[in-house]
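1. Show me how the following folds:
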Amino acid sequence: MTFSDASVISVKAASIFQGHSTILSELDFEIAKGEFVYLVGKTGGGKSSLLKTLYCDLALQLGEIKVAGFNIHQIKKKQVPYLRRKLGIVFQDFQLFDDRTVAENIFFVMQATGWRDRAKMKNRLAEVLMTVGLGSIDGKYPHQLSGGEQQRVVIARALINEPELLIADEPTGNLDPQVSESIFKIFEKINNSGTAILMATHDYVIINKYPARVLKCIDGKLLDSNKDSFELQDLSH
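-> Now for the predicted structure:
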């Protein structure tokens with residue numbers, strides 16, 4: 001099996017399972033380095049299961065997948081942290097520690113991924129907070145921040161290790177439209193700097209306003225706007 005060097009994700013003849021149930025089958029697609037791709041489909045249609053497979057939170061049982069240079073179908077448990085250092089993962093529900101400040105939340109991830117030099121950690125913290133448009137909030141706790149600010153912190157945390165690929169699972173799902181657009185603008189800025197982004201979303205307003213390639217989970221298959229035609233207004237069905 002050969003994979004393109006230009007791809008940050010390459011999927012060949014893969015199927016995604018939850019227990020004994022097949023969620024998605026016969027998956028074949030690639031995402032190029034630096035590409036921006038939307039992932040859509042109704043709730044329960046397989047979006048999150050696909051994303052979890054890509055970052056090894058769900059085991060790949062059939063087929064071949066390569067992500068950021070790692071063969072997911074052959075990966076050993078001890079290699080998974082090294083894969084995740086090349087990825088940034090953004091969740092809808094933030095997953096911040098409520099009893100830790102913004103700085104402590106981000107330092108926790110840095111320490112878990114091998115950072116040790118305190119001065120370099122502080123410098124990188126300032127850089128990623130600047131990237132997402134946050135000023136001196138590093139001493140605040142999550143409950144002191146708005147939902148949009150919390151999501152910006154989550155994005156900053158995902159950028160710590162300068163990932164090749166940012167995986168975002170409904171990153172604007174809990175935010176109002178104006179805040180959602182400001183968050184999307186951050187993703188756009190990150191993508192323009194060379195990071196590939198795979199963003200699961202139900203927000204067809206954003207997709208229509210900022211068009212890009214779309215992958216759609218439907219009836220156990222994955223449609224690709226590069227090859228297939230489908231209605232963008234029908235994302236939740």
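2. hang on, residue 140 is in a helix, isn't it?
-> No: secondary structure of residue 140 (DSSP: H, G, I helix; E, B strand; the rest coil): coil, not part of a helix.
3. can you give me the strands for the protein?
-> In the chain, the strands defined using DSSP state E lie at 7-18, 21-32, 36-40, 62-67, 70-71, 87-91, 165-169, 196-200, 213-218, 221-224.
4. Export these to JSON lines and append columns for mean neighbour count.
-> Yep, even glycine has a C-beta here, placed from its N, CA and C like the rest. Listed next are the strands of the chain as JSON lines, based on neighbours: other Cβ atoms under 10 Å:
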{"stretch": "strand 7-18", "mean neighbour count": "20"}
{"stretch": "strand 21-32", "mean neighbour count": "17"}
{"stretch": "strand 36-40", "mean neighbour count": "23"}
{"stretch": "strand 62-67", "mean neighbour count": "20"}
{"stretch": "strand 70-71", "mean neighbour count": "17"}
{"stretch": "strand 87-91", "mean neighbour count": "22"}
{"stretch": "strand 165-169", "mean neighbour count": "23"}
{"stretch": "strand 196-200", "mean neighbour count": "24"}
{"stretch": "strand 213-218", "mean neighbour count": "20"}
{"stretch": "strand 221-224", "mean neighbour count": "18"}
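5. can you put these in a markdown table and add mean pLDDT and distance to residue 131?
-> Compiled in a markdown table, the strands of the chain are given as follows (pLDDT from 0 to 100; distance: least, Cβ to Cβ, whole Å):
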| stretch | mean pLDDT | distance to residue 131 |
| --- | --- | --- |
| strand 7-18 | 95 | 20 |
| strand 21-32 | 95 | 22 |
| strand 36-40 | 97 | 17 |
| strand 62-67 | 96 | 23 |
| strand 70-71 | 95 | 25 |
| strand 87-91 | 90 | 11 |
| strand 165-169 | 95 | 12 |
| strand 196-200 | 97 | 14 |
| strand 213-218 | 95 | 24 |
| strand 221-224 | 95 | 30 |
